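Chemist: give the three-dimensional model of this entry:
(2 chains)
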Amino acid sequence: MKENKLPAIRGLMLLVALLILAPASLRAIEKYSDPATVNRRIEQLRQANQSMVKVHKLAVTPGGREMLMIEIGRSGTSVPAVLVGANMSGLTPVATEAALELASRIVSDASLNSSLTWYIVPVGNPDAHARYFTRPLWSDPANGRPFNDDTDDQTDEDGYNDLDGNGIITMMRVKAHDGIWIPVEGEPRLMRKADASKGEKGIYKLYTEGIDDDGDGKYNEDVPGGTNVNINFPHLFKSFGRRSGLYPGSEPESAAMLKFAFAHPEIAMMISFGQTNYLLSPPQGGRKGSVDTENIRIPREIGSAMGIDVSRSYTMDEIIGLVQPMMPPGMQADESMIASFLGLGAVVNPLPDDMAFYNEISSDYKEYLKKKGITAERFDPAQPEDGSFELWAYYHLGLPVFTMDFWGLPKPKDEKKEGSGITAETLGKMTSDEFLALGEEKIAAFLKESGAPAQFTAQSLMTMVRNGQMKPEQMAAMMKRMPAPKGDEKKGDPKEAAQLVFSDIWLSGKGFTPWKSYSHPTLGEVEIGGFTPFTDNTPPESMVDSLLDLHLPYITELVSKLPRLAITEAKVTEKGGGVYQLEAWIANEGYLPFPTAMGKRNKVPAPAIITLEGEGVEILSGKKRTPLNDLGAMKSARHVWLVRSPKKGSLTIKLESKQAGNDSKKIIIGG
Amino acid sequence: MGRRKAFITTVVMAMGVTLAQAQEVQVPLRFDFYYSYEKMNEALRALNKAYPELTSLDEVGRSEEGRIIWALTINNPGTGELFSKPGVYVDGNIHGNEIQAGEVCLYLANRLLTNYGKLAEITEVVDRNAFYIIPVVNVDGRAHFFEDANTPSSNRTLRIPVDDDRDGLFDEDGPDDIDGDGSITTMRIRDTLGRFRTDPADPRLMIAVKPGEKGEWTRLGQEGIDNDGDGQVNEDSEGYVDGNRNWGFNWNPPYVQRGAGNYPFEGTGIKAIAEWILARPNIILVFAFHNSGGMYLRGPSFKAAGELPQGDITVYDYLGKNIEKIVPGYKYLISWKDLYSTYGDFTDFTNNLVGSYSFTGELYQAETETFDGSAARKSEERSRIGEASEGERQRLLFDDNVNQGELFKEWKAYKHPLYGDIEIGGWTKMSTRLPHPFMLHELVHRNASSVIFAAKQTPKIMMDVFEVKKLDGDLWSVRVRLVNSGAMPSVTYETIKNKWYPIDKLSVEGRNATVVGGGVLTDPWLNLVDYKEHRPEVQMCQVPGFGKLEYQFLVSGRGDIEIKYESRKAGTVSKVVALK
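Modeler: Coordinates of the predicted model:
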């Protein structure tokens, strides 16, 4: 951005205005920490806890800021670790605050720091995060890399301009022949698109606040900054996408995360603080391009070479069953092998086995919130963006990934006034009889609320349920897949309406600048106004402590679910002639599988290794090192060796897993 | 791996050092032997020393094992700065075992430099382009290919350990040169129940037994022992991150494609080269040399990419069809369609993210090894059950009678710690994918000539101000024509499609003049102009290959105006004209 072309005197006036009239949203800054303060707080934490806290300088951003990682723990890489990445988009200051608060809680909680190592990155995108603390205030996830957005002959030459001098970049609306926007009925501060099919004609054009700095006829089309770190990761990376970056890991911030994660196989879980919340909205599937592993077609050439009927489709388990007899002895056919052999490509939807724990944990979390007395409804959190940190950690590292956003706009109460009281959640738990007992009126209201297609009338549905053609559970599953209902279009975007209500009630109106006329150098008479950036996702400072007190304790729950491998029994049976059968039961005593289904597919999580160590013991069958590639949650696996031990001796069975702990058992054998 | 192997490695290395000291590399360079990694560096230094004005030698980066990746840049400063000319990037040996690719690069440099000022064509191609040459990308691979015992295909990948057998240990059980002859060949054991018997036509070959026939041999695979005692032999060898699957365009993880690496640019040398290339925005032509098969491949490398823009296909076809004639027998092909889909390829990266016409050259056709003088040996057809082919028998005769048995190790008895009495023998590492040095010279010359031919086709832009006409008072019409006499456009069509980099800029400026209108002159006779509404003094453009582009500017004012064409790839041309 070229410096504001506004006269210097105006800048001075702006400064004075800021000092006198600092709005609530600006005062909130004191709670949140800018990148420099974050790094100071990290250093303070380290100094106060030198035996437990280390600081890694992961990267220097294109904007020249240090991106730091806090390592907390007493056992380093010898115990499982949790990677916490916060604020990768740079748009979520509350995520950074949460990460710092989490770090200080871990330091003072032996149950968290004694058997786990924590790697916490409080700001994954320091350059973008810094914008929250500079004026004028605008929001953009781009890091400080110069980038020529409009591919003209200049770079970063046409950024926003604070024309009305209120320290906030808002919007401009201007009456135009080709306008497509009209004010919302009853709430003229909000705008909605005119619907020509209903005979409405657009009045306004909307622009972001600014002038055409480079005189190319476009406004704010090349604002400073380059890449959104949060979409610069390799899974579903969008080449040539806006703010994507040139290639996955093209930025020092993301490259550092890629390198660190793969250099630390002890990382067993990833927690992300940012724009998504898997605890409220578990990861969603439905992306095109993913192969349905319940319904795989086998290419003709492969089928004929292997004597498999190609006219039908198979489940993954069926194919494994078909292929296993053709494998060389000792080789196990698995999902990963089959997928790569058949060229099924990259997985793009969460695997069903993993969805089981995601859904269960999500219900548990909702229960947890209920117990804490949280009943207010909020807007559903967003799903992760393509190329994001959280998608990468699940699909490429094969880790269980949990995400939290700590706050979302509350749904205005009146919206639910005449509701049916039924949600997809409650529906899923009903029996057919309970559903029918609701009555036609309530069911009809529910269908309308959830935007069900017109052919689904309450009556037809009740008939289907009565005849056993459909169960409430199936209906709930369908509901969850449907796009969110549109609501009354004349009221505009319901989220904007809620944001406005929140601003009016909680921010004394400071979250919205009322439209005010302004004489624009090229657009003529315009009005400037609109939402204050960040007020849709950033809670006011007064709420931060209570929000963190509410949500952070659940992290303890999450990490308690990590897989834990143990040798639960080791038994020796004499076979005669100094030959013994050794039998060991390995159990996964954790709630989560080792590893996730995705980890099984991508084979990135390191296998657990079972080794036998003993003087004078010869292994007759079985291996000295036995890899254990996976063990489901609450499952046990039996391993058997045949050994010869002419003399009495001791034998140690050792189990070593980077992600799921170590165990060993010593047994006396022979003699 | 074995102590014995370590010993042999030391001996071979010591010999290498002695040899290097004995023969100093001199310009013009010789191409009747293969250059070790060290020798290659020496040759680059020698070229740099002999042509200090025309060349510079830069460290691009370092490999996993810390070896330096060198780039030789050839540019004549007398005809302009580096970035004022089209850049031609040539590399080789990204797969460590594909060593002749390095020699092609080295030959190209030697050819350009030693003939500069002597041959008009070479002088022009050097004066008009900047050449960036990285003969050895996988420096660790090349070094290990020379120093260690290998098969013709081993030491292909980067030195990033991968736990191939997932036992928690990395690269712990690769092949071993157990007979200590400097090559990893094949092990076989006598076995009356085996599936092979001796070929009656040539006792060195084995053929599969037919039902009812008695067997004689079982193949045990590559030479080696069970280093880690896990009951498997050679199941976790060096690598495996393939340098040519680790680039950041359409990269896919290892469970989709083996050898991808954990993330794009995991290879330190690969990343260094990527950054080096991205810092040279003038690169518009790329050649990456590999072996083998005799092919020049263009992208896309994967089916889902769809087809390239038609304008780019025209350029590729023009270059490819001509190259097929320069290197007889080689085929110009489309990577995914004619071979198979790959992800994270180097040339897809350069085609899409650098904006360069990019070829993968697969050097060497084994069929050209003939004993009886026929133009080509019968192609290597091996039936599914392993019948020895006529081609294989011919190949042995070629080695017997033309190479005096240099490349094939006769079967020899050996006492194996695990298998007992076995035989070891077969083709050595310098066979199969590499031409014998006596055939090397033609290979390097013809393939370097492909590069030189293509380099002649980089964009060559000339500007012609063909009309300065007074319209009224101070208002002038100025017509400018940009003509490109190269086959390549000034910007690839892919670049225009992707909207990532600015394209070329044509601007008009005068101290006492204002451009009031300007745009593409679509029809000079009907005076049709596609006027640009804002900033008419700046026009973003592309000059097509073997084509032209015409603009009309309406200029109000007087005195001199400068008309300037600036391109990332095709340099800068400007003219000053007077409004009078």
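
Chemist: tell me the mean pLDDT for stretch A:516-523?
Modeler: For stretch A:516-523, mean pLDDT rounds to 98.

Chemist: how about that stretch: buried residues?
Modeler: Of the residues in stretch A:516-523, those buried under the neighbour-count criterion (16 or more other Cβ atoms under 10 Å in any protein chain shown) are A:Tyr518, A:His520, A:Leu523. The way it works is simple: take the backbone N, C-alpha and C, and place the C-beta from them, glycine included.

Chemist: show me where chain B has its helices.
Modeler: For chain B, helices defined by DSSP state H occupy the ranges B:3-22, B:37-50, B:100-114, B:120-128, B:139-147, B:268-278, B:310-326, B:346-349, B:390-401, B:437-455, B:493-498.

Chemist: hmm, back to that, any chance of the buried residues of stretch A:516-523 in a markdown table, plus secondary structure and distance to chain B?
Modeler: Putting the buried residues of stretch A:516-523 into a markdown table (DSSP: H, G, I helix; E, B strand; the rest coil; distance: Cβ to the nearest Cβ, whole Å) gives the following:
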| residue | secondary structure | distance to chain B |
| --- | --- | --- |
| A:Tyr518 | strand | 22 |
| A:His520 | strand | 16 |
| A:Leu523 | coil | 14 |
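
Chemist: go through these and say which is closest to A:Gly529.
Modeler: Ranked by distance to A:Gly529 (Cβ to Cβ), these are led by A:Tyr518 at 9.5 Å.

Chemist: who's the closest one bridged to?
Modeler: On the basis of DSSP bridges, A:Tyr518 takes part in beta bridges with A:Val526.

Chemist: which non-adjacent residue is nearest the residue in the stretch 1-150 of chain B positioned nearest to chain A?
Modeler: Residue nearest to chain A within the stretch 1-150 of chain B (Cβ to the nearest Cβ): B:Glu64, separated by 13.4 Å. Nearest residue to B:Glu64, sequence neighbours excluded (Cβ to Cβ, 6 or more residues apart in numbering or on different chains): B:Arg159, at 4.2 Å.

Chemist: correct me, but the one you found touches B:Asp140?
Modeler: Yes - using Cβ atoms under 8 Å, B:Arg159 is in contact with B:Asp140, at 4.4 Å.

Chemist: what segments of the stretch 351-500 of chain A are helices?
Modeler: When secondary structure is read from DSSP state H, counting those that start in this stretch, the stretch 351-500 of chain A shows helices at A:352-371, A:389-395, A:424-428, A:432-437, A:440-449, A:458-466, A:472-481, A:494-506.

Chemist: quick one on the thing from earlier: can you put the buried residues of stretch A:516-523 in a markdown table and add distance to B:Gly571?
Modeler: Formatted as a markdown table, the entries for these read as follows, by distance: Cβ to Cβ, whole Å:
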| residue | distance to B:Gly571 |
| --- | --- |
| A:Tyr518 | 46 |
| A:His520 | 41 |
| A:Leu523 | 39 |
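
Chemist: which bits of the stretch 151-300 of chain B sit near chain A?
Modeler: With Cβ under 8 Å from any Cβ of the partner chain as the criterion, the stretch 151-300 of chain B meets chain A at residues B:163, B:166-169, B:228-231, B:247-256, B:258, B:262-266, B:278.

Chemist: quick check: domain ranges of the chain?
Modeler: This is for chain A. Per automatic domain parsing, the domain ranges recorded for chain A read A:8-16+A:148-224+A:490-531, A:31-133+A:228-286+A:351-408+A:539-558, A:300-341, A:413-485, A:563-669.

Chemist: chain B, not that one
Modeler: B:3-147+B:240-364+B:436-455, B:186-237+B:368-427, B:461-579.
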